[in-house]
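Undergrad: build me a structure from this.
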Amino acid sequence: MKKERIGELLRWYMREHKRWIWLVILLGVIYGSVFYLYNVPVEAAAYGTVLSVTFLLVMNVLWFWKFCRKHQKRMELIPGIEYAYRDMPKADTLTEKDYQQMVMDLMNTLRNWRIRSRRAKSIIQSGYIRLRHRSL
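TA: Sure, this is the predicted structure:
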């Protein structure tokens, strides 16, 4: 499994959190409109805006770091699991993509295990038939 770049992970993060991003933008527009209509001094509005944006930025950096760590832990599980998938819908989130990849690997492993099992069974049966014919 390839390692994703930060830009790709950031895109997945933003896709998963797009509702919150739009909510923050909408609230910013509402507050900006109210401040403008009530003639609130620009310095006061700018100070509150800078504090809020800084807080949101710091929190999102922490949440993104946590998001990347969880993704990395899921990717570390993949080599130990074998599977495959069919007709799954396109993943909307990185989490779905990760789990679909894990399912695919599991199914591939199961298929390989079944093939080896059938081969072993046929080898055992053919050896049993040879031994039986020798004893007769």
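
Undergrad: so what does the one helix or strand in the chain whose mean pLDDT sits lowest touch, helix or strand wise?
TA: One helix or strand of the chain scores below all others by mean pLDDT, DSSP states H and E: helix 94-135, with a mean of 76. Here helix 94-135 touches helix 6-16, helix 42-77, going by 3 or more CB pairs under 8 Å, 6 or more residues apart in numbering; DSSP states H and E. (C-beta placed from N, C-alpha, C; glycine too.)

Undergrad: just the angle between the last one and helix 94-135, please?
TA: For helix 42-77 against helix 94-135, the angle between stretch directions is 0 degrees (axes from the mean of the first three to the mean of the last three CA atoms, to 10 degrees).

Undergrad: how close does the nearest residue to Phe64 once chain neighbours are set aside sit to Asn112?
TA: Leaving aside its chain neighbours, Phe64 sits nearest to Tyr13 (5.4 Å; criterion: CB to CB, 6 or more residues apart in numbering). Distance from Tyr13 to Asn112, counting by CB to CB, to the nearest Å: 34 Å.

Undergrad: just want to know which of these two has more residues nearby.
TA: Tyr13 (19 against 12; other CB atoms under 10 Å).

Undergrad: the more buried one reaches Leu94, doesn't it?
TA: Yes - with contact defined as CB atoms under 8 Å, Tyr13 counts as touching Leu94 (7.4 Å).

Undergrad: any shared contact partners between these two?
TA: Here Tyr13 and Leu94 have Phe67 as joint contacts, going by CB atoms under 8 Å, 6 or more residues apart in numbering.

Undergrad: rewinding a little: in a markdown table, list the helices and strands packed on helix 94-135 along with distance to Phe35 and mean pLDDT.
TA: Formatted as a markdown table, the helices and strands packed on helix 94-135 follow (distance: least, CB to CB, whole Å; pLDDT from 0 to 100):
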| stretch | distance to Phe35 | mean pLDDT |
| --- | --- | --- |
| helix 6-16 | 27 | 91 |
| helix 42-77 | 4 | 88 |
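
Undergrad: winner for burial among those helices?
TA: Mean neighbour count (mean count of other CB atoms under 10 Å) peaks for helix 6-16 among these, with a mean of 14.
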